[in-house]
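Colleague: quick one: sequence plus predicted model below, questions after.
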Amino acid sequence: MSSLHLPALLVVVPLLSAPLCALLPGRLSWFVAVVVSLATLAITWAVHDRVLAEGVISYMIGNWPSPLGIEYRIDEANAFVLLLVAGVGAVVALWGRESVAAEVGRRQERWYWTMYLLALAGLLGVTITGDAFNVFVFLEISSLASYVLIGFGRDRRALTAAYQYLIMGTIGATFFVIGVGLLYTMTGTLNMADLAARLPLVEETRPVHAAFAFLVVGISLKLALFPLHLWLPNAYAYAPSVTTAFLSATATKVAVYMFLRFFLSIFGGAELFELLALPDILLVLSLAAIFAASTVAIFQSDVKRMLAYSSVAQIGYITLGIGIGTRLALTGGIVHLFNHAVMKGALFLLLGGIAYRIGNVTLDRLAGLGRRMPVTTAGIVIAGLSLVGTPGTVGFVSKWYLAQGALERGWWWLVALIVVGSLLPVVYLGRVIEAAYFRPAPADSALHEATPQMLVTAWILVVACVWFGLDTSLTVDVASRAAEALWRGQ
Amino acid sequence: MSASTLIALALAIPAGAILLIAAAERIANLREAITLVAALALFAMVAMLTPQVLAGGHPEMTLLSVLPGLTFGFRVEPLGMLFALIASFLWIVNSVYSIGYMRANKEPRQTVFYCCFAAALASTVGIAFSANLFTLFIFYELLTLTTYPLVTHHGDREAQSAGRVYMLMLLGTSIVLLLPAIMVTFAFTGTLEFTAGGILAGGHMPAALVGVLLALFAFGIGKAAIMPFHRWLPAAMVAPTPVSALLHAVAVVKAGVFCVVKVVVYIFGVDFLAGNGGGDWLVWIAGFTVLTASVIALRQDNLKRLLAYSTISQLSYVVLAVAILTPLSAAGAALHILAHAFGKITLFFAAGAIYTAAHKTEVSQLDGIGRAMPWTMVAFAIGAASMIGIPPTAGFMSKWFILGAAMDAQSWVAIAVIIASTALNAAYFVPIVYAAFFRPLAAPEHGHHQHGEAPWPIVVALTITAAGTVLLFFFPDVGLGLARQMVGGA
């Protein structure tokens, strides 16, 4: 098999093994899901290495030349996101065996892993493709699979949450496809590179402006940009643990990548991004997300819901990097895309371990957990410190770049807001820590640590929180090259 | 052994001790032996580094480069050497004291206590040897985090709310003020390395901003307890007395003023700041804190709270000294770190001895106690004399230097503050000593039989530090040598 076909395999392997999963008995289906996600990770790694060594890879599906056929186009930016999605996907799948069996039930297990692989394939497809309409196709594959993944939740409210997400997600996707359609009528192409080249010629037309608006709203719905985030807290809170960890670390991140690709690369040459004051709007909305969502998080008693609101706030930091609009800030935003995936993935997996033992994770039920599940709570403390932005963890690295970017512009006030915003997690995580360490455990509970498999895999992400906080050669270098790649369109 | 091995060992010994102490959880004698051996070994490593530094060398060790321009590394300069010597020596004495205190008072969770203590010492050494602001900041935050479990050791409601104040104030100031200060410094200079003569000298930034930046640093280093960010220190007094003694009279608070001195001397540069004039207000703020804290101390009846406010006042002596901005005054600041450490740890040791033997915590209960506990109260008197600045104690020596520097610089504010605070110090310490020795012993309360001295490890420990307070007056060579190195040879 030639390594030239790796980009196609990346999507085809998980997509085709999904039906296979559905035919196998429960235990085997998990095994297949793990093998496939590890294989996907290996392929992404190879593709990523090739991009760094040789530059942009362009792959024509079925050998049809690019304006007619579909092109897969991989540069530093999406190679990075692919690696993130496949990496988190592999860790989460490895983690999920007992959790899915317990929360979804043995009879449904195989369907769960089928949907999981479909979602993975969809997310990878959105990221890898160089064709605007193909983005829509993969987006729908991943979205439909995610609705099911959420609906599997033990709590019956998971069904309404999934339905809510379905409505909002469909609106988003419809807006997106309307935007792509309008672009097609004006330029006659769906290939991203061609779009970028032809858009400047028609930028002053009403349809292109309309397309821009539809795309902004559609993609922002998907990435849960404040105030279009309303689907997110319920979906994350009531979904099975594996779903929450997987979607929080990948789905919104891929949507952010779409945002960057469309508005920096494709529309980059057309200057609409600046013209329509999008950076300013982003700046305001990001800050609103950081403060409003974190404040709401403080008042949650369901810890999963608390962290869901925290995700909305953290997405605010990523979009802030785009809004500031300097190279350093964009690097900060992209590196936060990775960093937030790592720390939220870690937190949701650890919470999943707790949920596996006690069911719903509310503050009251965390009482005394510091002594009953010491390894899990220690992990929560470390990943939590990273969320605050303590130096020596990944959270610090992103904030450092965002602040340097703001200083580049001379925006001192923004630096102040960034650091004040990072105090709010101290408050809501403080409530978790206090409950776990200071409240006495209920005397009758025979609670003990999560399974070794859960602990080891969740701690991979916890260690990553510290590792990539001290050794940034992988993340920051790649993020700055990705930022470079995205600016190249201009 | 090479210097970099010594530095690595000085960090690795207390860090390794954490694991060994945790492993020896069930065997109390072994656990405490490990603490003592680790303390002795740490002091040996630090002491072996001293001759090189006294001779003008600056041993260093760079571990890794985290971001371009941000390195994680260590470099021992005279002030850091002095600080590490103080902390590591007093850890030995404090460990002896802890063994007596924790056993006599039957404190719970002693393994966690010793583990956190070792972790706090590792962080302290890290602060002392940091080569740049970035490394310093990491260990600064680590010190807050590792001492938090010690402050909340008792786990009751009071400890929990004190812990909240402690965490929010120390973490809050460091994130909201200190971190932006570091970011701004980096944005203007492109480096964070501690450099003789300062890195801001040379017109990197607008002159008007220098004062603002200094304010961000001075208030951001909350551990220096400059008003209005001092409330965490009295709150921290809910901890067991050994914690108050070593951490909240020596390691944590001295780390605070140490950072202030480092920033003024090696980031701003004394001459640059004096020429700029942007730091003149610091004398006023420090003077205000010295006097106000003393007045508050005057009104305290709880002995540990009184000592805490006395510490706040004495810490600002150090800040006041360095704010005079002459080489002589900076040397005085370094000496006062040393002198106050020995005096104040003696006072806390005595307070803990009184609590252990007599179960008394209030000043008003101490009538005639000197007859029952002569060793303890003589040590207390020596510590008090050092606080006031009466010869032959170490406190006299450092005050003499600071006063001399203030005279040279004709800083009338500083002179007035020093004289007024000496009177105030005498006003709250002399009555305690007088009552202890010359008032008749209060009739024993119902249920309490007569008591003598506290257990012997406690008495031994406080005798050693009291003797040290006197000996430092007669043999100040090492301290003086390092202080001279700092302002002259560095």
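Modeller: Perfect, thanks for sending it. Numbering: from 1, shown residues only, chains lettered A, B, ... in the order given.

Colleague: in contact with the nearest residue to A:P240 once chain neighbours are set aside, which residues?
Modeller: Nearest non-adjacent residue to A:P240, counting by C-beta to C-beta, 6 or more residues apart in numbering or on different chains: A:E103, 4.5 Å away. From N, CA and C alone the C-beta is placed, and that goes for glycine too. Contacts for A:E103 (C-beta atoms under 8 Å, 6 or more residues apart in numbering or on different chains) come out as A:F152, A:G153, A:R154, A:P240, A:S241, A:V242, A:A355, A:Y356.

Colleague: so who does the residue lying closest to the first one once chain neighbours are set aside touch?
Modeller: Using C-beta to C-beta, 6+ apart and skipping residues adjacent in sequence, the residue nearest A:F152 is A:V104, 4.9 Å away. For A:V104, the set of contacting residues under the criterion of C-beta under 8 Å, 6+ apart consists of A:Y112, A:F152, A:R154, A:P240.

Colleague: one more pass at 6 Å, please.
Modeller: A:Y112, A:F152, A:P240 (C-beta atoms under 6 Å, 6 or more residues apart in numbering or on different chains).

Colleague: and what of A:L144?
Modeller: Taking C-beta under 6 Å, 6+ apart, we find A:L144 in contact with no residue.

Colleague: in the strand or helix carrying it, what's buried?
Modeller: Following DSSP states H and E, one finds A:L144 within helix A:132-151. Neighbour-count burial for helix A:132-151, counted by 16 or more other C-beta atoms under 10 Å in any protein chain shown, picks out A:132, A:134-151.

Colleague: same for whichever helix or strand comes after that helix, what does it pack against?
Modeller: Beyond helix A:132-151 in the direction of the C-terminus, DSSP H and E gives the next helix or strand as helix A:157-187. Contacts defined by 3 or more C-beta pairs under 6 Å, 6 or more residues apart in numbering or on different chains; DSSP states H and E place helix A:157-187 against helix A:132-151, helix A:206-223, helix A:232-238.

Colleague: B:D367 in helix, strand or coil?
Modeller: Three-state call for B:D367 (DSSP: H, G, I helix; E, B strand; the rest coil): coil.

Colleague: what sits closest to it if chain neighbours are left out?
Modeller: Distances taken as C-beta to C-beta, 6+ apart put B:R439 closest to B:D367, at 4.0 Å, once the chain neighbours are dropped.

Colleague: for B:E141, same thing?
Modeller: A:T390 (5.3 Å).

Colleague: check that neighbour and give its pLDDT.
Modeller: Turning to A:T390, the model gives it a pLDDT of 85.

Colleague: which positions in the stretch 201-350 of chain A make contact with chain B?
Modeller: Within the stretch 201-350 of chain A, no position is near chain B by C-beta under 6 Å from any C-beta of the partner chain.

Colleague: point out where the stretch 201-350 of chain A drops to low pLDDT.
Modeller: For the stretch 201-350 of chain A, applying pLDDT under 70 flags the ranges A:269-275.

Colleague: measure stretch B:236-252 end to end?
Modeller: 11 Å (C-alpha to C-alpha, to the nearest Å).

Colleague: what about that stretch and chain A, touching?
Modeller: No - using C-beta under 6 Å from any C-beta, stretch B:236-252 stays clear of chain A, with a minimum separation of 13.1 Å.

Colleague: pLDDT of that stretch, averaged?
Modeller: Per-residue scores along stretch B:236-252 average to 85.

Colleague: need the contact list for B:T422.
Modeller: B:T422 is in contact with B:G389, counting by C-beta under 6 Å, 6+ apart.

Colleague: and A:V47, its phi and psi?
Modeller: phi -60, psi -40 (degrees, to the nearest 10).

Colleague: burial count for it?
Modeller: For A:V47, the neighbour count with other C-beta atoms under 10 Å in any protein chain shown is 25.

Colleague: surely it touches A:L6?
Modeller: Yes - counting by C-beta atoms under 6 Å, A:V47 touches A:L6, with 5.3 Å between them.

Colleague: out of everything not next to it in sequence, what's closest to B:A405?
Modeller: Using C-beta to C-beta, 6+ apart, the closest residue to B:A405 is B:S329 (3.5 Å).

Colleague: what about the one you found, distance to B:D408?
Modeller: 8 Å (C-beta to C-beta, to the nearest Å).

Colleague: higher neighbour count, those two?
Modeller: Using other C-beta under 10 Å, the more surrounded residue of B:S329 and B:D408 is B:S329, with 26 against 12.

Colleague: element containing that one, please.
Modeller: Element membership of B:S329 [criterion: DSSP H and E] is helix B:327-358.

Colleague: give me the mean pLDDT for the next helix or strand after that helix.
Modeller: Downstream of helix B:327-358, the next assigned helix or strand under DSSP H and E is helix B:369-372. For helix B:369-372, mean pLDDT is 84.

Colleague: so which elements touch helix B:369-372?
Modeller: Judged by 3+ C-beta pairs under 6 Å, 6+ apart, helix B:369-372 is in contact with helix B:412-438.

Colleague: sorry, back to before: how close does the residue nearest to B:A405 get to chain A?
Modeller: Using C-beta to the nearest C-beta, to the nearest Å, B:S329 is found at 31 Å from chain A.

Colleague: re the thing from before, can you add neighbour count and distance to A:N339 and give the contacts of A:V104 back as JSON lines?
Modeller: Listed next are the contacts of A:V104 as JSON lines, based on neighbours: other C-beta atoms under 10 Å in any protein chain shown; distance: C-beta to C-beta, whole Å:
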{"residue": "A:Y112", "neighbour count": "26", "distance to A:N339": "28"}
{"residue": "A:F152", "neighbour count": "23", "distance to A:N339": "28"}
{"residue": "A:P240", "neighbour count": "25", "distance to A:N339": "25"}
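
Colleague: in CSV, list the residues you listed along with distance to B:I402.
Modeller: Below are the contacts of A:V104 laid out as CSV (distance: C-beta to C-beta, whole Å):
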residue, distance to B:I402
A:Y112, 71
A:F152, 70
A:P240, 65
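
Colleague: what's the helix or strand for the residue lying closest to A:G130 once chain neighbours are set aside?
Modeller: In space, and not counting its chain neighbours, A:G130 is closest to A:R73: 3.1 Å by C-beta to C-beta, 6+ apart. Assigned by DSSP H and E, A:R73 belongs to strand A:71-74.
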